[in-house]
Each structure stands twice: as structure tokens, then as C-alpha cells.
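*Asks:* Sequence first, predicted model second:
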Amino acid sequence: MRGNYVTILSLTVPNRNNCSGVFTRSNLLTMKTVKYTKLVLIVAYALSLALPVRALGSAPASSHLNLMPVPASVRLETGRLAINGSFNVAVKDHTDDRLRAGIARMLTRLAGRTVLTLPADLTADEGTATLVVQCERAGDIVPSLSENESYSLEVTDQQARLVAPTVVGALRGLETFLQLLQGDRDGYYLPGIKIQDQPRFQWRGLLIDVGRHYEPMEVLKRNLDAMAAVKLNVFHWHLTEDQGFRVESRKFPKLHALGSDGFFYTQDQVREIVSYARDRGIRVMPEFDIPGHSTSWLVGYPEIGSAPGPFKIERRAGIFEPALDPTREQTYKFLDAFLGEMAALFPDAYMHIGGDENEGKQWDRNPQVQAFMKAKGIKDNHSLQAYFNQRVLNILQKHGKKMIGWEEILQPDLPKEAVIHSWRGPDSLAAAAKQGYNGILSAGYYIDLIFPSSQHYLADPIPLNSTLTAEEARHVLGGEATMWGEWVSPETIDSRIWPRTAAIAERLWSPRTVTDIDDMYRRLSVISYQLEELGLTHEKNYGMLLRRLAGSDDTGPLRTLASIVEPLKEYRRYQMRPQTMLSPLTGLVDAARPDSETARQFAANVDAFLSDAPRFSLYRPNLERTLVEWQTAGRALGPMIDRSPALKETRPLADNLSVIADAGLEAISYLSAGDAATTEWRDAQLAKLNEAAKPRAALEFVVITSVRKLVIAAAELPQLRSTTPAEWKKRVTIMASPPAAPS
Ligand code: ACM
């Protein structure tokens, strides 16, 4: 899948940094000083979140708000609402099962977090209730794009009051309520606060590809819970792929029977997921990817394919030739019946027809297809696919559905009702909007590529430099994180989705100006642990996978190694180590996680240490401790690898761990002694670091640049005499920036 790697990358990368430098930390701090002059602090969302509560009354200096996504408007007040065993909830005006179930789930989580036994029943007494939830109406029967998700939440010494036009708004507010919980030596409490909140974009989704790897029901459910926790509202269920057809069709039972290895969702299970999602205010949009990505359809029904077959379920990753035959009426009859069946099963207004990466090779070789094109004056495969899309759109309209497809469907004559899903770069989204098409963005949100949260966070559906008019910008409905399924199993998928998707959720919900990366990471780590209370396994399975590899509970050295390597980014993992969909996903590359927090912390400490020139004492003990830990782990890994052949491929990483640590420790000792390292020493260390930077076992170290900085700094020490420490550090940083990627 998505085999056109170079195109993808060159198109997506420029998207990422569009907002940087506009709202810097120092800007925010200046603004903060101004606001401090007021008694009641009325502050912009981002500002209030970075604001120590110290200034606001009785709370301790270290508390921060941990809201994610940041609400549209936050006003901190003095005072606090104690949360204790007498906590209770009253509902006012509209109430229904969905609201009561949402409150019950909130209570379970609140009790779990505080270890307080809380009353299960609602109280009838609004006056004495700790939390009053006041809704006007139920909201849409089928969750919709136009659902009102707004709410307001006010917390005083006496009471918290959540007011929302719909139950969905109340559910969003209950998540905020839980995120406001804080604790100190006096117990749990919520700070006094006034929040008014609504999303910036109406379409905030997560795609889960269950075609390549099937994900059991509990995986989907816990991810729906996590989505709700960060206010995402569309589950894009990518149900069909070359590698698997995952939904039961009663009309065409050979689809799932022959196309899924027995791993598919029954129609009852689909209804269960739709209902589970609705309970959380989440739409479920299915995708049936056609005309390409369709090998699994053709295993049972080769007659709708463009080549004679027979076809087998695809086991590899990549882009494959099989495609539906767009020239035969039989194909449209089939699609009419199948999509009609699915339209009745999935109540959402939208149906995704894929449409991506069809190279039309089978069409080129099929004389009947060629004759059809000639007869109809269809000049190329793009136009033939446009013809196909038009026919599919008519079918969907007949069944009451709106069509959405990947950006390849944007062809001349595409009816304006179609929605464009941009994935190769943000330009297609803007181009679609300019032509009057609604669209959503996934370019920049490809979480399968293992990029850090910070990059996803800065990808904005309507970047600051956007040339869209206000009218055109209204066509940008939002975006979706995409969890493509090549290299995820039920054990690892959560760690590829979370916590990074929470940063994307914030991008899609919060005002555009919320872009402080340090503060995002601060809140992300809090939210990450809170997601565990919903059963998400991104944290706990890390330990489990390491234990399995080590064959022991004593995983210390392996954990140290895993904490500073990341799976190869983009599509390099597959290029380095081709596996199939049947390969186990239990190696160190599967345990290791994106966006290493240890590496980020180490980089920050190295920066602080170098900023402390010429003293070099700030963070020195911390850096030395860390590097000694790496050195020790590097040595201890040898015997562990001997015992566990599954770890054999990681031996060079273990060796390099010691190399990296030695280089860093030597550099620190030069710097703190005020002794300049020789250029020979520097070059020898850099050569070793370059070697260590090469990927091994589909993993790469993510601390090399920081260590390189230390090494270069040690050799650049004499330059400190003739320049300011700040200039010197800048020079070291530039000299240490990574060399061109090793080939
Ligand atoms: C895609 O990634 N081919 C939509």
C-alpha cells in the first residue's frame, strides 16, 4: 500500500511546519504578564493552560491544567470544588439513556482515579449536587456532521455546572470535567473555572485499517473510548483491502467467507460497534476501497475483476494490480446490491469508496476494457476511473449516501456532492475547496509513518499561509488520523495510535493559535496515562512485549535500549525487512514506540547543559547518570541476547549503545574539565556515531544528534574564548545537525 513512497513524502513533509514561529513561547509569556494585572484572569486557552495555578489562589505552585484538546475559551477563577465520597450528579431538563450511560462511565473513571466509592445513582436534588448536567435535547439520532457538540462548564466552590444544547455536547463536557481533576494534600478537587467550548472542525476522525490486520472487537471499542476522551467524532472503518475483506455480506457471502481467513465482523458486530460509537457521539463511516485495493473481493467473485484470475488473498504490503472491471454492467449490478446492503447496515450519511492507488495495469492489458474505452471516447485510465466514480456515486445516491473518496477521485466532471479526502499533500484539499468540493485532510496525520506528535500537531487543515477565501475555507471540514494496518497487531496498534493521535485531535478541535509544542507534550503525557483507565494498551503492552522478548521479568537493559530507538520512519521498515501480513509483530521494532520521550528529554538536557557554557554544570549529573545507564545496559544486553535468539538481530544495537554512551561521557568530561578535545578524537567519535546511526533490525537510535552535539562541543571548546556562549552553542548545534541519511 501507498507504494509511491517518494511522492508521498515530498508532498507531505512541507505541510508540517506551516505554523511554527508565529505563536512562540516568548510571545505567550509576554501576553501572560499583561493579563496578570487583572484580578480575574481572562486568558486565551493556550495561555491559561501553561499558567501555573499559583497565581490564582489556594492551589499549589506545581499544578497545571491538563486539558486536551484545549477548549475554545477558558477563564480560571479562584476557589476549588472538592471531590470526595459525597460526590453526586443531578441531570436537568432533557435526559435519556445515552446521557445516563455517559455519566455512569464518567463516574466509574472518576472513582477509579480517586479510589473513592461514589454513589451510582443520580440525585434528584439539583441544589446540593456536586455536578449538574443540563441538556436541552438528545442530539441527532444518527450522529451527523452538523451535530452541535458545544458545551459550557462552570466550576465554583459549591458546584460544577455543565450546560449543553445536546447530549453529545454534554458527553464532550464530561471528558473535560474528568480532565480538570487535580489532587493535592487536601484531596481531589476541580479548580474554579469557566469554560466555553466548541470544535474548530466538525470532522475529526481516526481511520483504522482492519483490512491488512484484523482487529478484534475489543480493540475497536477501547479505541472508540479513547477517541471520545479526546473529542474525536468519526471512526473511519477501512474494511476492505487486498489483504482482507472484513465485513459479512449476506448478499455475497463469498466476499467474507473467502476473502478474510475467517477474520471478519458479522453484521451484528457491525451494529454493536455503530451503537457503541453512537453512545459516545461518534460517527462510523465505512470504507469499501474500489476499484483498486480489491484483491480480497475477487477471491470469491473473480467475475467482477479486470483479469481472469484466480485470485488469492494478498499477503505482502504494497500496491497491487487487481482492480474491479469498470466496463461491465455486471460490476455495477454487484456494487448496487452490495453497497445497498452496506448502506442499510451503516447509518452514517457518508460512505467512503477509496479510489486510491489504482494504477490500471489490468485495464491496460484487458482487450475488452480497451475496446470499451475506445467506443466511449475515454482517453485514459484516469478518465475511466472518473466514469466508474460517477456510476458509483449514482448508486450511493440511490441508497441515500454521500460519497467520499481519496483525492484521486478529484477529476474533471466529478459531481460537487463528492467529498475529497486529501492524503498525498495538503494541496489537493485546497484545490478541492477552491473548486467548491468539501474535503478533509489526512496528509500530515499518517500515524503509521512513526513521525513525532510535534509534526502531526503543526499540520493544519487550513494553514496560516492558506490562500483560501473564507467561503472556500468553509469547504474544509476537518481531518483524520490514519492508522494503516500493515505493521500493527492487536497487541501493538494502541501504541501506534496513542498518545500521538491526541495531538491531532487537539489540532482539529482547538483554535488554530494553540501551537505550543512543549505544552502539548506536557499535557500529552498526562492524557496518555489517563487513556490507560479506558483499557488502552499503549503503555502496558510495551512492558509485556519486552518481557516476552527477554523471557524474563528482568527487562531493565532491554527497556533502556528500547527507550532510545524508534521504528524506522516512513516506509523504510518494510524496505529494510520485508515481512508479510502473516509475520508475527512481536520483535523489538514492534515493542519500540514512536516519539521517544527519553530522547526528547535527553535532547533538552543536552541543550541546557551546553547553554550553561562555560560552567557546564547544569544537568551534568543527570546526563552522566543517563549515559552510564546506557553504557551498563549495552554490556548487560549481551547475555540476554544469547539467551533469547529472538533478540539476535538487535546485537549491533546493543554494541552501539555502549559506543554512544562512551562518546557522550568522554565529551562531558572534556567539557566539565575545560579541556578541549582534539580533532582526531572528535573525528573518531563522529565516525563511530555515524556507524551507530545506521538502522538495524528496522530500528534507529534517536539520540545520536544530541551526543554528536556533545562531541562537537568538546572539540569546539577553544572557540568559547572568542564568542558569546549563545553564539558558540548555535555554532555547535549547526555543526552537529545530522549528515545526509546513510544510504
Ligand atoms: C492511501 O494512503 N493510499 C490513501
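*Replies:* It's in.

*Asks:* Tell me who's in contact with the residue positioned nearest the centre of the chain.
*Replies:* The chain has Thr501 as the residue nearest its centroid, 2.5 Å off, counting by CA atoms, centre = their mean. Contact partners of Thr501, counting by CB atoms under 8 Å, 6 or more residues apart in numbering, are Leu206, Ala226, Val230, Leu232, Ile447, Ala481. (Glycine included, C-beta is placed from N, CA and C.)

*Asks:* Could you export the residues you listed as CSV, including distance to the ligand?
*Replies:* Formatted as CSV, the contacts of Thr501 follow (distance: CB to the nearest ligand atom, whole Å):
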residue, distance to the ligand
Leu206, 14
Ala226, 22
Val230, 23
Leu232, 19
Ile447, 12
Ala481, 12
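
*Asks:* Could you look up the SS state of Arg212?
*Replies:* coil (DSSP: H, G, I helix; E, B strand; the rest coil).

*Asks:* do the same with Leu81
*Replies:* For Leu81, the assignment made with three-state DSSP gives strand.

*Asks:* Determine the three-state secondary structure at the residue nearest to the centre of the chain.
*Replies:* Here Thr501 takes the helix state, with states given by three-state DSSP.

*Asks:* Look up how far the ligand lies from it.
*Replies:* Thr501 sits 17 Å away from the ligand, going by CB to the nearest ligand atom, to the nearest Å.

*Asks:* cool, and Trp498?
*Replies:* Counting by CB to the nearest ligand atom - Trp498 and the ligand are separated by 20 Å.

*Asks:* For that residue, list the residues it contacts.
*Replies:* Per CB under 8 Å, 6+ apart, neighbours of Trp498: Ala226, Ser528, Leu531, Leu536, His538.

*Asks:* Just the ones in strands from the residues you listed, please.
*Replies:* Taking DSSP state E, every one of the contacts of Trp498 sits outside strands.

*Asks:* Which two among the residues you listed are spaced furthest apart?
*Replies:* The distance between the two most remote of these (CB to CB) is 10.1 Å, for Ala226 and Ser528.

*Asks:* higher neighbour count, those two?
*Replies:* Ala226 (26 against 18; other CB atoms under 10 Å).

*Asks:* Test my guess that that one contacts Leu534.
*Replies:* Yes - judged on CB atoms under 8 Å, Ala226 makes contact with Leu534 at a distance of 5.7 Å.

*Asks:* how many neighbours does Glu147 have?
*Replies:* If we define neighbours as other CB under 10 Å, then Glu147 has 20 of them.

*Asks:* what secondary structure does it sit in?
*Replies:* Three-state call for Glu147 (three-state DSSP): coil.

*Asks:* Correct me if wrong: it contacts Ile141.
*Replies:* No - look at Glu147 against Ile141 with CB under 8 Å: they stay out of range, at 10.6 Å.

*Asks:* Point out where the chain drops to low pLDDT.
*Replies:* Counting by pLDDT under 70, the low-confidence segments of the chain come to 1-63, 739-743.

*Asks:* now the farthest one out in it, which residue is it?
*Replies:* What lies farthest from the middle of the chain is Ala375; by CA atoms, centre = their mean that is 46.7 Å.

*Asks:* three-state assignment of that one?
*Replies:* Classification of Ala375 using three-state DSSP returns helix.

*Asks:* Now do the strands in the stretch 101-250 of the chain.
*Replies:* For the stretch 101-250 of the chain, the strands defined by DSSP state E, counting those that start in this stretch cover 131-137, 151-155, 160-166, 182-184, 187-197, 203-209, 234-238, 240-241, 244-245.

*Asks:* To clarify, my last question referred to the stretch 351-500 of the chain.
*Replies:* Ranges of strands within the stretch 351-500 of the chain are 402-406, 419-422, 439-441, 476-483, based on DSSP E, counting those that start in this stretch.

*Asks:* ok, the closest residue to Ile409 other than its chain neighbours - contacts?
*Replies:* Closest residue in space to Ile409, ignoring its immediate chain neighbours: Gly355 at 4.3 Å, by CB to CB, 6 or more residues apart in numbering. The contact partners of Gly355, taken as CB under 8 Å, 6+ apart, are Asp289, Ile290, Pro291, Gly292, Gln385, Asn389, Gly405, Trp406, Glu408, Ile409.

*Asks:* So Asn690, which state does it fall into?
*Replies:* helix.

*Asks:* Give me the distance between it and Ala633.
*Replies:* Applying CB to CB, to the nearest Å, the value for Asn690 to Ala633 is 22 Å.

*Asks:* can you check Leu561 too?
*Replies:* 6 Å.

*Asks:* between those two, which one's more packed in?
*Replies:* Ranked by neighbour count (other CB under 10 Å), Leu561 and Ala633 place Leu561 first, with 28 against 23.

*Asks:* hang on, the earlier thing: now the residue nearest to Ile409. Its backbone dihedrals?
*Replies:* With angles defined as degrees, to the nearest 10, Gly355 sits at phi 90, psi 0.

*Asks:* can you tell me which residues contact Leu449?
*Replies:* Leu449 sits next to Lys569, Glu570, Tyr571 when contact means CB under 8 Å, 6+ apart.

*Asks:* Kindly recompute the last result at 6 Å.
*Replies:* Lys569, Glu570 (CB atoms under 6 Å, 6 or more residues apart in numbering).

*Asks:* got it, and the one 4 residues further on?
*Replies:* Neighbour list for Ser453: Arg500, Ala503, Asp595 [criterion: CB under 6 Å, 6+ apart].

*Asks:* Kindly indicate which of those residues lies nearest the ligand.
*Replies:* Nearest to the ligand, judged by CB to the nearest ligand atom, of these is Arg500 at 17.4 Å.

*Asks:* separation between that closest one and Ala459?
*Replies:* 12 Å.

*Asks:* Tell me which of those two has more neighbours.
*Replies:* The neighbour comparison of Arg500 against Ala459 (other CB under 10 Å) goes to Arg500, with 27 against 24.

*Asks:* first vs last residue of stretch 585-602, how far apart are they?
*Replies:* 28 Å (CA to CA, to the nearest Å).

*Asks:* contact partners of that stretch?
*Replies:* 450, 452-453, 489, 492, 495, 545-546, 562-567, 650, 698-699, 702-703, 706.

*Asks:* Kindly report the same for stretch 137-149.
*Replies:* With CB under 6 Å, 6+ apart, stretch 137-149 has contacts from 94, 96, 165-169, 172, 199, 202, 278, 281, 283, 347.

*Asks:* what does stretch 670-690 give?
*Replies:* Contacts with stretch 670-690, where a contact means CB under 6 Å, 6+ apart, come from Phe616, Val659, Ala663, Ile704, Arg708, Val711, Ala714, Ala715, Leu717, Pro718.

*Asks:* which one of those is nearest Ala104?
*Replies:* Looking across the contacts of stretch 670-690 and measuring by CB to CB, the closest to Ala104 is Ile704, at 49.3 Å.

*Asks:* Contact partners for the closest one?
*Replies:* Leu689, Ala693.

*Asks:* do the same with Ile282
*Replies:* Counting by CB under 6 Å, 6+ apart, Ile282 has contacts Leu224, Met227, Asn233, Phe235.

*Asks:* Intersect the residues you listed with the contacts of the ligand.
*Replies:* Checked against the ligand using CB under 6 Å from any ligand atom, the contacts of Ile282 yield no neighbours at all.

*Asks:* Of the residues you listed, which pair is most distant in space?
*Replies:* Leu224 and Asn233 (10.6 Å).

*Asks:* Okay, helices next: where are they in the stretch 401-550 of the chain?
*Replies:* In the stretch 401-550 of the chain, helices defined by DSSP state H, counting those that start in this stretch lie at 427-434, 453-458, 470-473, 493-497, 500-509, 517-532, 540-550, listed in chain order.

*Asks:* cool, the stretch 201-350 of the chain as well?
*Replies:* For the stretch 201-350 of the chain, applying DSSP H, counting those that start in this stretch gives helices covering 217-229, 254-259, 267-279, 295-300, 329-345.
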